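Colleague: the following comprises the amino acid sequence and a computationally predicted model.
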Amino acid sequence: MDWVCPKSKRPLVFFASGPFYLCPESRLRYRVEAGIPVLLVDEAEALPAAEVERLMAGHAAGIDLGPKERSIAGSSPSPLASPHRR
C-alpha cells in the first residue's frame, strides 16, 4: 500500500532499517509499531533538512541508511525490525 503524509499529502518513503516512513516535503518521520505505521502528525518526529537529504540520498542510491540516532535514548529496536529475524 502506498501511504501519504497526512500533513503534506505527498507520498511517504519507507525505510526498513527503522522501520519508519519519511515525508521529504514536510521533513516528518513516522514510526512503525508492530508493523502498523503511526501516521499522526502530532506524534511524528520533525527532522533537520540535512538529515532528510542524507536519508533521501541513500534511498536514491539504493541504500537504507536509517536514522542516525534513536529519538528515545536507551530504547532497543523492535524485534520486528531485526535484520536477523527468521
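Modeller: Nice, thanks for sending it over.
Colleague: CA atoms for contacts and neighbours, from now on please.
Modeller: Will do.
Colleague: what are the buried residues along the strand or helix carrying Val52?
Modeller: Element membership for Val52 (DSSP states H and E) is helix 49-60. By neighbour count with 16 or more other Cα atoms under 10 Å, helix 49-60 contains the buried residues 52, 55-56, 59.
Colleague: which helices and strands does it pack with?
Modeller: Using 3 or more Cα pairs under 8 Å, 6 or more residues apart in numbering; DSSP states H and E as the contact test, no helix or strand touches helix 49-60.
Colleague: run the chain-centre distance for it.
Modeller: Its chain's average C-alpha position is 11 Å from that of helix 49-60, according to Cα atoms, centre = their mean, to the nearest Å.
Colleague: just the C-alpha atoms of it, please, in CSV.
Modeller: Provided in CSV are the C-alpha atoms of helix 49-60 (Å, rounded to 0.1, in the frame of the first residue of the first chain):
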residue,chain,number,x,y,z
ALA,A,49,16.8,19.3,6.4
ALA,A,50,20.4,17.9,6.4
GLU,A,51,19.1,14.6,7.8
VAL,A,52,16.3,14.3,5.3
GLU,A,53,18.8,15.0,2.5
ARG,A,54,21.2,12.3,3.9
LEU,A,55,18.4,9.7,4.1
MET,A,56,17.0,10.5,0.6
ALA,A,57,20.4,10.4,-1.0
GLY,A,58,20.9,7.0,0.4
HIS,A,59,17.5,5.9,-0.7
ALA,A,60,18.1,7.2,-4.2
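Colleague: now that helix: mean pLDDT?
Modeller: For helix 49-60, mean pLDDT is 94.
Colleague: state the mean pLDDT of the longest strand along the chain.
Modeller: Scanning the chain for the longest strand, with DSSP state E as the assignment, gives strand 28-33. Averaging pLDDT along strand 28-33 yields 97.
Colleague: just the buried residues of that strand, please?
Modeller: 28-32.
Colleague: in CSV: those, plus distance to Lys9.
Modeller: CSV is the format used below for the buried residues of strand 28-33 (distance: Cα to Cα, whole Å):
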residue, distance to Lys9
Leu28, 12
Arg29, 14
Tyr30, 14
Arg31, 17
Val32, 18
